[in-house]
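Novice: Sequence and predicted structure, then a few things I'm wondering about:
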Amino acid sequence: MLRVVAYVCALLALAHGQTTNVQSCSLNSAPLPINAHIEGCVDPPCILPQGTYVVVNVIFRAPRRIQSMTTVATAHIGLGLPYGLGEAAQTCNYLTNSYCPLLEGEVVQYTLHMFIETFFPAGTNVPVEFRVTEGSGFFAPTLWCIRVPLSIVGPLPSSNISAHNATLTDKV
């Protein structure tokens, strides 16, 4: 039991040190997670170069036993425009400290890697909502939701892009 308490305290200390200022979602009344950190971004809008990955780290508490989860990204350009995450939408596959099914009250770390396509127009400024639902489907209950303004910029110079991943921590 003491080990669990120490682990939760360590997670909360880590969360406090790396936090992006996110907002509650506009059309979804789901709670905010314990912590959300978009790598390279503390104060939005988060600057995202074309052809790189945005890395979203989230810590949340399971409100009940959860069998499966789906991640949904929606850009709000007048209307909500869903962005297909492909395999990355399978939230359970990207938990970093646990696995599904989750237990009620379990504190979970999750990491999303979302590619910023080169066809996304540079200069685009758009609020995006990231949410995780229990199971899948349009009416699936939402476990948490964050809203953050993003700004798409041109690609990084090729000398700054690694073979595996370029994030905003690379020097431009």
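Specialist: Noted; the coordinates are in hand. Numbering: from 1, shown residues only.

Novice: contacts, neighbours, all on C-alpha from now
Specialist: OK.

Novice: in terms of contact, does Ala140 touch Glu134 like I think?
Specialist: Yes: look at Ala140 against Glu134 with CA atoms under 8 Å: they come within range, at 5.9 Å.

Novice: These two - which one has more neighbours?
Specialist: Glu134 (19 against 13; other CA atoms under 10 Å).

Novice: excluding its backbone neighbours, what's nearest that one?
Specialist: Nearest non-adjacent residue to Glu134, counting by CA to CA, 6 or more residues apart in numbering: Met69, 4.6 Å away.

Novice: Pop out the phi and psi values for the one you found.
Specialist: Main-chain torsions, Met69, degrees, to the nearest 10: phi -140, psi 150.

Novice: Distance check, the most centrally placed residue in the chain against Glu104.
Specialist: By CA atoms, centre = their mean, the chain has its centre lying nearest to Val56, at 3.5 Å. Distance check for Val56 against Glu104: by CA to CA, to the nearest Å, it reads 23 Å.

Novice: what's downstream of the lowest-mean-pLDDT helix or strand in the chain, the next helix or strand?
Specialist: Lowest by mean pLDDT, DSSP states H and E among the helices and strands of the chain is helix 2-17, with a mean of 47. Sequence-wise, the next helix or strand downstream of helix 2-17 (DSSP states H and E) is strand 35-38.

Novice: Quick one: the strands in the protein, in order.
Specialist: Read by DSSP state E, the chain holds these strands, from start to end of the chain: 35-38, 46-49, 53-61, 69-77, 79-83, 107-115, 125-134, 142-153.

Novice: Out of the ones you listed, flag the one nearest Asn28.
Specialist: strand 142-153 (7.4 Å; CA to CA).

Novice: For the closest residue to the residue nearest to the centre of the chain other than its chain neighbours, give the beta-bridge partners.
Specialist: Spatially, and ignoring its direct neighbours in sequence, Val56 is nearest to Ile38 (4.5 Å; CA to CA, 6+ apart). On the basis of DSSP bridges, Ile38 is bridged to Cys41, Val56.
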